[in-house]
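Engineer: Let's see this in three dimensions:
(2 chains)
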Amino acid sequence: MQVAEQPTSAPEVPRGRRGWLGSVRDALRSLLRDTEIDTRLAGMLGALAVIWVGFHIMSGGTFLTPRNLWNLSVQTATVAIMATGMVLIIVSRNIDLSVGSMLGVVGMSMALVQAEVLPGVIGFDHPATWIIAVIAGLVLGAAIGGFQGFIIAYVGVPSFIVTLGGLLVWRGMAWALASGRTIAPMDSTFQLLGGGSRGRIGGPASWVVAGVACLGIVWLILSGRRQRRKFGFRLRPVWAEVTLGVVGCLALLAAVAVINSYPMPDALARQYAEVRGIPWPEGGLRIPLGIANPVLIAIGVALIMTFIATRRRFGRYVFAIGGNPEAAELGGIKTRMTVLKTFTLMGILVGIAAAVQTARLNAATSGLGQLSELYVIAAAVIGGTSLTGGVGTVSGAVLGALVMQSLQSGMVLMGVDAPLQDIVVGIVLVMAVAIDTIYRRRARNR
Amino acid sequence: MTADSTAPVPLVEMRNMNVSFGGVHAVDDVTMDLYAGEIHALLGGNGAGKSTLIKTLSGAQKPDSGQIYIDGHPVAITSPRDAKALGIETIYQTLALADNIDAPGNVFLGRELTTRWGTLNDTAMEDATRKVMKRLNPNFLNFKTAVNSLSGGQRQSVAIAKAVHFNARVLIMDEPTAALGPAETEQVRALIRQLKQEGIGIIMISHDIHDVFDLADRITVMLQGRKVGTVEKADVTMDEVLAMIIIGKLPEEVTQSELADLRG
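Structural biologist: Numbers count the residues shown, from 1 in each chain, chains lettered A, B, ... in the order given. Just a heads-up that it's a prediction; the model follows:
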C-alpha cells in the first residue's frame, strides 16, 4: 500500500488540497516555483509512477510487490552506475559506444584474476582476493577509458569512431582472454557485491542508511539557507523548505520500509537462526534483508557523480565544453585534459558495473554486457541528457535507467515475448526524446 | 614613437609580430602599442589580419615570431591563461559564452571561486557578479538562468563583466557593438568610456567607423596582413581613414582624386 505512494508523493502535497489558490494547476505551478523543484525531474517521476501503477494493474498485482521492486532495484544498478558517467560524456558532446564491450573485458579480467590467477598465488578464497580483483578491474577500466579518451582528445579522432572501434576490440578481447569459456564461480566475498541472498546490508543497517540520508537532506536545506542568507539573497519560503524536507524524508523511509518488508527466504532464515541459536518459531522468522549491495553502490555512485558534476570545477568545465567548446578553451580551461578525464571516469564506472554484474551472475562470459551500451545511452537520454551537448543531470540518468528497467521487468512479469519487449523499449525511447524536444522548444519560445 | 627615453613606457607593445597559416601571411611584421587609459582602434577589411594579431596578445594564437612587452618587459604569452595572468582580458566578437551556464558561471569560467572544501562557491560567485553588474548594467537581473535566454545586450554585459571583474589592465574588444541595437550600442559605448576613465587600456577592433571616431584616441589600420600605419584620430578625417583601409595609403600619400573616388 505504501508502495504506490512512493513515487507520486513527491510534488503535489499541500496547497492544491487547500484550494485557496484557485485551480490546482496554479497551485502546482507556484509550488514548483517556490520549492524550486526541477519540473523535468518531477515529470519523470510522474511518468515512472504511471508505468509502475500501469504494470501493477495489468500484471494482476504482481508489479508493486516488495519482491519485484527489490529485484527491479538490483537489476537497475549496473545500467544506472554507467549512465551517471555517460551523462558527462554526452554533455561534453561525445559518446561512448564501447561501455558494453568494456564491461565484458573488464568483467572477464576480474573473473580470471580471482578464479585462475590469485588461487595459485595467495590460495583459494583468500580474504584479499575480492579487493585485488576489484582494484584490478577499476585500474583496467580507467586504463581503457583513458586510452580511448587520449585518442579522442589529443589525436582528435571523433569519439563515435574511437568507441565504435572499442566496441569491437574490447568484445574480441573479452572472448580472447578466456577463449570463449565461461569463468565461474567467483570468490565468495566478491559475490556479495552482486546482491543475492547474502549480499545485503540487513534491516537495521537499512534504517540507519535512511536515517543518515534524512539528516543529509536536512543539512543540505539548512546549509543552502545559510549561504543564501549570508549573501542576502531571496530565501525560499519556510513552508516550501519544510515540505521539501518532509516529502524527501518520507519517500526515503517509505522506500526502506518496502525493501525491509521483503524477508529472507525460509531456508536462509533457518540457517541464520541456527547460527545465532534462536529457536525456530511456528510461523517462521521474518528477517528483513535490507538494501542490496549493488543498490547501495549505485546510490553511492550517483551521489558522488552528482557532486562531481555540479559542485566541482571539473563538472563545470564538462558543461562549459558542451555549451561552447571555444569559450571553454578561451576561458583557459584545459579542454583536452577534461575530455580525457571524462572517459577515464567512464572507464572506472564501467569497472564498478562490471564487478557488480559478474558478482551477481557469479560468472563471466564473453558476452557479458552485450548491448548494454545502448541501454546506458538510452537511460541518459530518457533522463534528459541532450545529444547536442551541454545539458543533462546525473539524477535524470538514474531515473532514466529505472524507467528502462521498469519497462523491461514489467513486460517480463506480463509474459511479453522478447522481440515485442525490444519494440516497446525502442518506441518509448524515441517518444521520450520527442516529448522532451517539444518541451524544450516550447520553453525556449516562451 | 617610443624611441624618446622621456616618453612614458607603453602598457603593451607588440613588436614585429608574424603569423602565417600555410603560405598565407596573416600577420606580416606588425608593430603596435597601447597606453594606459587609451582606446586604440584596430581597423581593416575582412581578412586584414586584425583578429589574428589580437589573438597573439590574448594567447589564443601562437605567433611565428615577434615579441610582446608589458610595461617594457618582454613576456611570453602561450595560452589564454598566461594573458589573463598579465591582466589582458579579451571580449570576442562571438562573446565566447557557454550558453548553457548562468551569468556568474560564465563570468568566472576557468577561474571559479571555491570553498575551503574545494567545491564551487556558487553563492559567492553570484554575489560578486551582482556587484560587478551593478556597476556595468544595473538593469541586469537574470543571475540564475542560462545565458542563451538573454538578449544581445545582456549577453554583451556578461562578456564585459567577465573581462573587467578580474581587474583587467588591458581590454581587447573585437567588434563590441556589432550585434547590438542602437540603445544597447550607446550603453556599451558609455561603458567603454567609463573603463577608459578607470585607466584601462583598450584595443578595439571595429568595422563601424562611427564607433571608432566616437571612442578611439589612436587608429591603426591593417591591410592584407600588413600594417598601413598608426594615426591620431584628431589628425585625420573619416575619408582619410577609409583610404587607409581600402587602398592602403596614409593621409600624406593619398591624392584628392583617390579620396573623391572613394566617396564615389
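
Engineer: Can you check the pLDDT for the residue most central in space within chain A?
Structural biologist: The residue lying closest to the centre of chain A (C-alpha atoms, centre = their mean) is A:Ala80, at 2.5 Å. pLDDT, A:Ala80: 97.

Engineer: Those residues of the stretch 251-400 of chain A touching chain B, which are they?
Structural biologist: A:307, A:310-313, A:316-317, A:319-320, A:322-324, A:326-333, A:390-391 (C-beta under 8 Å from any C-beta of the partner chain). Where C-beta positions appear, they are placed from N, C-alpha and C, glycine not excepted.

Engineer: Please repeat the previous calculation with a cut-off of 7 Å.
Structural biologist: A:311-313, A:316, A:319-320, A:322-324, A:326-328, A:330-333, A:390-391 (C-beta under 7 Å from any C-beta of the partner chain).

Engineer: what about the closest residue to A:Ile152 other than its chain neighbours, how many neighbours?
Structural biologist: Leaving aside its chain neighbours, A:Ile152 sits nearest to A:Ser159 (4.7 Å; criterion: C-beta to C-beta, 6 or more residues apart in numbering or on different chains). Residues lying near A:Ser159 (other C-beta atoms under 10 Å in any protein chain shown) number 25.

Engineer: how about B:Met173, secondary structure?
Structural biologist: Under DSSP: H, G, I helix; E, B strand; the rest coil, B:Met173 falls in the strand class.

Engineer: And A:Arg198, its phi and psi?
Structural biologist: Dihedral angles of A:Arg198 (phi, psi; degrees, to the nearest 10) stand at phi -100, psi -20.

Engineer: ignore the last one, B:Ser65
Structural biologist: Per degrees, to the nearest 10, the backbone of B:Ser65 is at phi -150, psi 170.

Engineer: what about it, how many residues close to it?
Structural biologist: 11.

Engineer: tell me the SS of the nearest residue to it once chain neighbours are set aside?
Structural biologist: Counting by C-beta to C-beta, 6+ apart, B:Asn18 is the residue found nearest to B:Ser65 once chain neighbours are left out, at 4.7 Å. Assigned with three-state DSSP, B:Asn18 falls in the strand class.

Engineer: show me what contacts B:Asn18?
Structural biologist: B:Val27, B:Asp28, B:Asp29, B:Pro63, B:Asp64, B:Ser65, B:Gly66 (C-beta atoms under 7 Å, 6 or more residues apart in numbering or on different chains).

Engineer: Over to B:Ala179?
Structural biologist: Taking C-beta under 7 Å, 6+ apart, one finds B:Gly152 in contact with B:Ala179.

Engineer: Surely it is within a strand?
Structural biologist: No - counting by three-state DSSP, B:Ala179 falls outside a strand, being coil.

Engineer: any idea how far chain A is from it?
Structural biologist: Distance, B:Ala179 to chain A, using C-beta to the nearest C-beta, to the nearest Å: 15 Å.

Engineer: Against the centre of chain B, work out the most remote residue.
Structural biologist: B:Trp117 (36.3 Å).

Engineer: If I look at it, what pLDDT would I see?
Structural biologist: At B:Trp117, pLDDT is 88.

Engineer: helix, strand or coil for it?
Structural biologist: Secondary structure state of B:Trp117, per three-state DSSP, is coil.

Engineer: I'd say B:Arg130 and B:Phe143 touch.
Structural biologist: Yes - contact criterion C-beta atoms under 7 Å: B:Arg130 and B:Phe143 qualify, at 6.4 Å.

Engineer: Flag the shaky bits of the chain, pLDDT-wise.
Structural biologist: If you meant another chain, say so; for now it's chain A. A:1-23, A:25, A:31-32, A:34-37, A:443-446 (pLDDT under 70).

Engineer: could you do chain B instead?
Structural biologist: For chain B, the stretches flagged by pLDDT under 70 are B:1-7, B:264.

Engineer: And the helices in it?
Structural biologist: B:50-58, B:80-85, B:103-107, B:122-136, B:152-164, B:182-197, B:209-215, B:238-247, B:256-263 (DSSP state H).

Engineer: For the ones you listed, state which one has the densest average packing.
Structural biologist: helix B:103-107 (a mean of 27; mean count of other C-beta atoms under 10 Å in any protein chain shown).

Engineer: Residues contacting it from elsewhere in the structure, which ones?
Structural biologist: Residues contacting helix B:103-107 (C-beta under 7 Å, 6+ apart): A:316, B:97-98, B:122, B:125-126, B:129, B:142-143, B:147, B:158, B:161-162, B:165.

Engineer: okay, those residues in CSV with distance to A:Phe124 next?
Structural biologist: As requested, the contacts of helix B:103-107 are exported to CSV (distance: C-beta to C-beta, whole Å):
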residue, distance to A:Phe124
A:Arg316, 48
B:Leu97, 60
B:Ala98, 54
B:Asp122, 52
B:Met125, 56
B:Glu126, 58
B:Thr129, 61
B:Asn142, 64
B:Phe143, 62
B:Val147, 60
B:Val158, 63
B:Ala161, 65
B:Lys162, 62
B:His165, 63
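
Engineer: So the residue nearest to A:Ile152 versus A:Leu112, what's the distance?
Structural biologist: 29 Å (C-beta to C-beta, to the nearest Å).

Engineer: Might one say that B:Asn100 is in contact with A:Gly323?
Structural biologist: Yes - taking contacts as C-beta under 7 Å, B:Asn100 lies within contact range of A:Gly323: 3.7 Å.

Engineer: what about those two, which has more around it?
Structural biologist: A:Gly323 (26 against 22).

Engineer: For whichever residue of the stretch 51-200 of chain A sits closest to chain B, give me its contacts.
Structural biologist: Using C-beta to the nearest C-beta, A:Val91 is the residue of the stretch 51-200 of chain A that sits closest to chain B, at 8.7 Å. Contact analysis of A:Val91 by C-beta under 7 Å, 6+ apart lists A:Val318, A:Phe319, A:Gly322, A:Thr385, A:Gly389, A:Gly390, A:Val391, A:Gly392.

Engineer: Mark which of those are part of strands, please.
Structural biologist: Secondary structure assignment by DSSP state E places none of those in strands.

Engineer: ok, back up a step: to A:Phe147, which of the helices of chain B lies closest?
Structural biologist: Of all the helices of chain B, it is helix B:80-85 that lies closest to A:Phe147, at 27.1 Å by C-beta to C-beta.

Engineer: Is chain A within reach of the closest one?
Structural biologist: Yes - contact of helix B:80-85 with chain A (C-beta under 7 Å from any C-beta) involves B:Pro80, B:Arg81, B:Lys84.

Engineer: Could you find the closest non-adjacent residue to the last one?
Structural biologist: It stands for B:Lys84. Distances taken as C-beta to C-beta, 6+ apart put A:Gly332 closest to B:Lys84, at 6.2 Å, once the chain neighbours are dropped.
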